[in-house]
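Trainee: Pasted the sequence and its predicted model underneath.
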Amino acid sequence: MRFLRVAIDVPLPRLFDYRCDEATPQDAGLRVIVPFGSKKVVGLIVEVTAHSDMPQEKLRAADRILRDMPPFTPDWLALAKFCSGYYQRPLGEVIHAALPPKLRSARPLPAAEARYALTDAGRQGRPTLPARSRARAALLERLESGPATEAELARLQKGARSLARELLAAGWIAQTPPQRSMPRFVAAHKLTAEQASAVAAVRSCNAFRVFLLYGVTGSGKTEVYLHAIASVLEAGKQALVLVPEIALTPALESAFRSRFPGACIVVQHSGMAATERTRGFLDAQAGEADIVLGTRLAVFVPLPRLSLLIIDEEQDGSFKQQESLRYSARDVGILRAREAGVPVVLCSATPSLETWHHAASGRYALLPLSRRAPAGADLPRVRLIDTSVHTPRDGIAAPLAEAIADRLARAEQALIFLNRRGYAPVLACAQCGWVSGCPRCSTRLVVHLKHRQLRCHHCGYAARIPRACPECGNLDLTPIGRGTQRLEAALVERFPGARILRIDSDTAGGRLDELFRRIESGEADILVGTQILAKGHHFERLTLVGVVNADAGLFSANYRAPERMFQQLEQVAGRAGRAGLPGEVLIQTRYPGHPLYQALARHDYEGYAQLQLEERRQAGFPPFIFEAALRAEADQLETAMRFLRNAAALAPAPCEGVTLFDPAPMTMERIAGNSRAQLLAQSASRAQLQAFLATWSAALYAGRYPKVRWHFDVDPTEF
Ligand code: ADP
Ligand code: ZN
Ligand code: ZN
């Protein structure tokens, strides 16, 4: 008699036993269909055993083991188990979160997609295409760098599937079986001395080691990891590259394709079709993929020959998932590298304070790049504009207006950064003091003039802009403050001849690539944008960055706010002057003497990090202590608070080395009609905190709390 111990996606911290006579010990790691309650579900076999502690008559039989893919390896299961233990989440839920959608159900796996290669006819025909055949040209150009699947082409170009069929009929492309070719590396630049020594350090490391590639914006960090990946591919191994946002993947993917011709590159993010994502996952697991490039979820992609991990923009908050499995892909990535015994390279111009702390103490190996790579490119000069001296008109102070006019005259580009979309952050009545609040959240409704709507940026609630004050009937309601739409309108008025492009999540939709292309080809003079524009991109003619309204960030209650603000401003400043034209950054502020702005003006990340770390040490915040939050959500705040008070009573006592705080409402108490509260636990010892959480969560899982949804957030970043 054989038994299966199966992980199932249910909120219970245990495995489930089933009878299964056909099973062999090699079946651990395979998916299996089992009855659960009145349903059939797909679970993952964690173990095949000869006995079960469950009484025989209670055991049900498994339906069928799915043998359509290779089993997940013990390494991979160990990673999932670690996350389950560390983040206090049942193993079945962790595995569910780690799998691409099509592997969560029992339906047949997606078949391998048609793959196309360029024929000689296509290679000769390409230059003869008329200029308007842009879509065809793009497909052929892509195929010039190697075969591609239909799904890859579809991601690149709308209507690609039918175009591909036309090109196939014309004999310009042909179907080709997947074949492993030896990837090549195309070196593009002569490395600077600092780049070369960073590459050498990573190359010569063939054990676990965390490197911090700390390089100012534009210093050629990407170039360094391309070289490091080159030697990985040369050795026939696999590399995993994580980036914080989907928007950063297309440019990097095409860089990889042109620098590594012949390499099998798999992209993984939540924006792609489920079939393609699942195929890529399977290709990686089968050892076909040379490079996996993706957002945080890619940290779970199985890679049998993994030998290097890259985490680009490691400081970015998007690596932390804020729902269901609340994991940090950076931290899981480091753990994964440790388990695999391979190096991991964290890249940043402004590392997170946790990472900087480890680099300063020598735990992480520091690889500095202190200058911009391209000849003649220097860091932009930063000027602080005191708005109490230069009163802004419509949000723009005179020195910034002059600097913009200057760029227009020289046909260079200016970027005005305002991290707040919409027209104005709130609508108010001057007569009675009414302000537009969201009925479902503890937040304000944002004025969107274009659609004549008030919108909630947290829950999606939308309503028409009222004609009169709902409280007193006053007809004269005023939008207070400024968002990107209002700034755009002001700029249109100030610079009537200029081509102004607003880029925020309202205008970007799915067309971000298209907008970036327009910026690069010089179709815009002034860009108005949110943090979407701050990251990673490289615009040659951009020489001015203006920052308006950043001051609010100085006074946030979250102790992580100053760190984020510095990172964000340094990053957006880094967009200026990347290609040899001198760049300039103007920051409008009422507090030009503030240490944060002073440090920014000197591009002094290290000084500011030291200052912040000292504050954190004195106040007892991470990285000097470790934190976890128990969170509760309910219809009524009191219900959530009562749950947390009871939960505190269930906490292991005495809880050695762990401090438990009183329950408190979250900073933003209501979202989408749910009230939220939390209970914070702190400890100077990660091990003690982990032991405490394990006992505590077991006690919590044993109870039933019908009106409350609860979870742990370990190493929380939002409060
Ligand atoms: P980072 O990621 O550090 O911001 P990038 O890797 O994007 O910087 O590099 C910035 C620019 O410098 C890119 O256009 C890149 O092609 C160029 N570059 C990188 N290394 C060199 C080098 N050694 N010599 C000349 N240009 C370089
Ligand atoms: Zn009123
Ligand atoms: Zn809302």
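Mentor: Nice, thanks for sending it over. Ligands and ions are numbered 1, 2, ... in the order given.
Trainee: What's the separation between the closest residue to residue 424 other than its chain neighbours and residue 492?
Mentor: Excluding the flanking residues, the one nearest residue 424 by CB to CB, 6 or more residues apart in numbering is residue 479, at 3.4 Å. (Glycine included, C-beta is placed from N, CA and C.) Separation of residue 479 from residue 492 (CB to CB, to the nearest Å): 17 Å.
Trainee: So between the two, which is more surrounded?
Mentor: residue 479 (20 against 14; other CB atoms under 10 Å).
Trainee: and the more buried one, bridged to which residues?
Mentor: Here residue 479 sits in beta bridges with residue 427, going by DSSP bridges.
Trainee: What spatial separation is found between it and residue 447?
Mentor: Distance, residue 479 to residue 447, by CB to CB: 5 Å.
Trainee: How about residue 558?
Mentor: Per CB to CB, residue 558 is found 25 Å from residue 447.
Trainee: more neighbours, those two?
Mentor: Neighbours of residue 558 and residue 447, each counted by other CB under 10 Å, are more numerous for residue 447; the result is 26 against 13.
Trainee: which residue does the stretch 351-500 of the chain bring closest to ligand 1?
Mentor: The minimum distance from the stretch 351-500 of the chain to ligand 1, using CB to the nearest ligand atom, falls at residue 373 (3.4 Å).
Trainee: Please apply the same query to the stretch 401-550 of the chain.
Mentor: Nearest to ligand 1, among the residues of the stretch 401-550 of the chain, is residue 538, at 5.5 Å (CB to the nearest ligand atom).
Trainee: Could you list the residues of the chain in contact with ligand 1?
Mentor: With CB under 6 Å from any ligand atom as the criterion, the chain meets ligand 1 at residues 189-192, 195, 215, 217-223, 373-374, 538.
Trainee: Which ones among these lie within helices?
Mentor: Here DSSP state H is the test, and the residues of the chain next to ligand 1 give 195, 221-223 as lying in helices.
Trainee: Look at residue 178 and report its pLDDT.
Mentor: Residue 178 is assigned 66 on the pLDDT scale.
Trainee: circling back to that earlier point, wait, the residue nearest to residue 424 touches residue 465, no?
Mentor: No - counting by CB atoms under 8 Å, residue 479 stays clear of residue 465, with 9.1 Å between them.
Trainee: what lines up beside the host helix or strand of residue 544 in the sheet?
Mentor: In this assignment (DSSP states H and E), residue 544 forms part of strand 542-547. Here strand 542-547 is paired, per DSSP bridges, with strand 413-417 (parallel), strand 584-589 (parallel).
Trainee: now for stretch 707-718, what's the gap between its first and last residues?
Mentor: 23 Å (CA to CA, to the nearest Å).
Trainee: mind listing what's buried in that stretch?
Mentor: Across stretch 707-718, burial judged by 16 or more other CB atoms under 10 Å covers 708, 710-718.
Trainee: Including pLDDT and secondary structure, could these go into TSV?
Mentor: Output for the buried residues of stretch 707-718, formatted as TSV (pLDDT from 0 to 100; DSSP: H, G, I helix; E, B strand; the rest coil):
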residue	pLDDT	secondary structure
708	97	coil
710	97	strand
711	97	strand
712	97	strand
713	98	strand
714	98	strand
715	97	coil
716	96	coil
717	94	coil
718	90	coil
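Trainee: Now that we're looking at whatever residue of the stretch 201-350 of the chain ends up closest to ligand 2, what pLDDT does it have?
Mentor: With CB to the ion, the shortest gap between the stretch 201-350 of the chain and ligand 2 falls at residue 322, namely 36.0 Å. Listed pLDDT for residue 322 reads 94.
Trainee: One more: residue 115?
Mentor: 84.
Trainee: That one reaches residue 148, doesn't it?
Mentor: Yes - contact criterion CB under 8 Å: residue 115 and residue 148 qualify, at 6.9 Å.
Trainee: Who are the contact partners of residue 48?
Mentor: Neighbouring residues of residue 48 by CB atoms under 8 Å, 6 or more residues apart in numbering: 2-5, 20, 23-25, 27-28.
Trainee: swap the cut-off to 7 Å and go again
Mentor: Applying CB atoms under 7 Å, 6 or more residues apart in numbering, we find residue 48 in contact with 2, 4, 23-25, 27-28.
Trainee: Which of the residues you listed sits closest to ligand 2?
Mentor: Closest to ligand 2 out of the contacts of residue 48 is residue 4 (65.7 Å), distances taken as CB to the ion.
Trainee: That closest one contacts residue 60, doesn't it?
Mentor: No - using CB atoms under 7 Å, residue 4 is not in contact with residue 60, being 10.7 Å away.
Trainee: Neighbour count: those two, which is higher?
Mentor: Neighbours were counted for residue 4 and for residue 60 using other CB under 10 Å; residue 4 has more, 27 against 13.
Trainee: what pairs with that one across the strands?
Mentor: Beta-bridge partners, per DSSP bridges, of residue 4: residue 18, residue 48.
Trainee: And it, what's its pLDDT?
Mentor: So, for residue 4, pLDDT stands at 97.
Trainee: measure it to residue 657 for me?
Mentor: The gap separating residue 4 from residue 657 is 39 Å, by CB to CB.
Trainee: ok and the residue in the stretch 601-719 of the chain nearest ligand 3?
Mentor: For the stretch 601-719 of the chain, CB to the ion, closest residue to ligand 3: residue 672, 6.1 Å.
Trainee: what about that residue, how many neighbours?
Mentor: Residues near residue 672, counting by other CB under 10 Å, number 13.
Trainee: Now do it, the pLDDT please.
Mentor: 95.
Trainee: residues contacting it?
Mentor: Counting by CB under 7 Å, 6+ apart, residue 672 has contacts 440-441, 459.
Trainee: ok, now residue 494?
Mentor: By CB under 7 Å, 6+ apart, the contact set of residue 494 is 396, 401.
Trainee: what about the helices in the stretch 551-700 of the chain?
Mentor: Using DSSP state H, counting those that start in this stretch, the helices of the stretch 551-700 of the chain run over residues 561-573, 595-601, 605-619, 637-650, 686-701.
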